[in-house]
Structure formats: C-alpha cells, structure tokens
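Colleague: With the sequence up front, the predicted model follows.
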Amino acid sequence: MKPRFPSLITSHPEAGVLLACQLAEQLHAHYEQARNSAERPGGMNYLLPPDVSVAVVSSILFYAIAAANDGWTKAA
C-alpha cells in the first residue's frame, strides 16, 4: 500500500465534507481488507471488534479537516 496524503486545507466546508467522505471510504476499504485477511492463532475463532461505520469515521475526519482550516474563518 502506497498511501497518498492529500492536503487537508480546503476552500469551504463543503469541500471539507467531500474530502472527509473520500478519505473515510479509502480507510474503510483498507480496514475491511486487513480484517478479512487476518489469521486467527491456532485456528481459533476469536471475536472481532464491531465495525465502525463510514459515517462515524467521516465525521471524525471532518472535525480534523475543520481544525486544519481554522473553522474556515479566513479565506483559504
């Protein structure tokens, strides 16, 4: 996996929401791939942690993007 890290600086909140959704989708895809390929020691079927929805991840990322943009109080 070669990660691509886009800038979190956006021109307005709508662009920040779009970026957060895109990043959340990518992160969720990587999480699912890792979760499905994980081996269980000794063939045991350990309980896996519950899934975190894309909406929750997206909202956390949007908060980080808003913080990086200082709440869009200034022109970007």
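Modeller: Done, it's in. Numbering: from 1, shown residues only.

Colleague: all contacts plus neighbour counts: C-alpha atoms, from now on.
Modeller: Fine.

Colleague: Show me the shaky parts of this structure.
Modeller: For the chain, residues meeting the criterion pLDDT under 70 lie at 1-3, 40-46, 75-76.

Colleague: What segments of it are helices?
Modeller: All helices of the chain, identified by DSSP state H, fall at 13-37, 54-68.

Colleague: if you compare the ones you listed, which one is most tucked away?
Modeller: Neighbour counts (mean count of other CA atoms under 10 Å) averaged over each of these peak at helix 54-68, with a mean of 17.

Colleague: now that helix, how far from the chain's geometric center?
Modeller: 8 Å (CA atoms, centre = their mean, to the nearest Å).

Colleague: what's near enough to touch the nearest residue to residue 12 once chain neighbours are set aside?
Modeller: Computed as CA to CA, 6 or more residues apart in numbering, the closest residue to residue 12 that is not its neighbour in sequence is residue 72, at 6.5 Å. The contact partners of residue 72, taken as CA atoms under 8 Å, 6 or more residues apart in numbering, are 11, 12, 13, 66.

Colleague: doesn't residue 65 make contact with residue 8?
Modeller: Yes. Between residue 8 and residue 65 there is a contact at 5.5 Å, judged by CA atoms under 8 Å.

Colleague: Overlap of the contact sets of those two?
Modeller: In contact with both residue 8 and residue 65: residue 16, using CA under 8 Å, 6+ apart.

Colleague: how close does the nearest residue to residue 9 once chain neighbours are set aside get to residue 33?
Modeller: Spatial nearest neighbour of residue 9, excluding adjacent residues (CA to CA, 6+ apart): residue 69 at 5.7 Å. Using CA to CA, to the nearest Å, residue 69 is found at 31 Å from residue 33.
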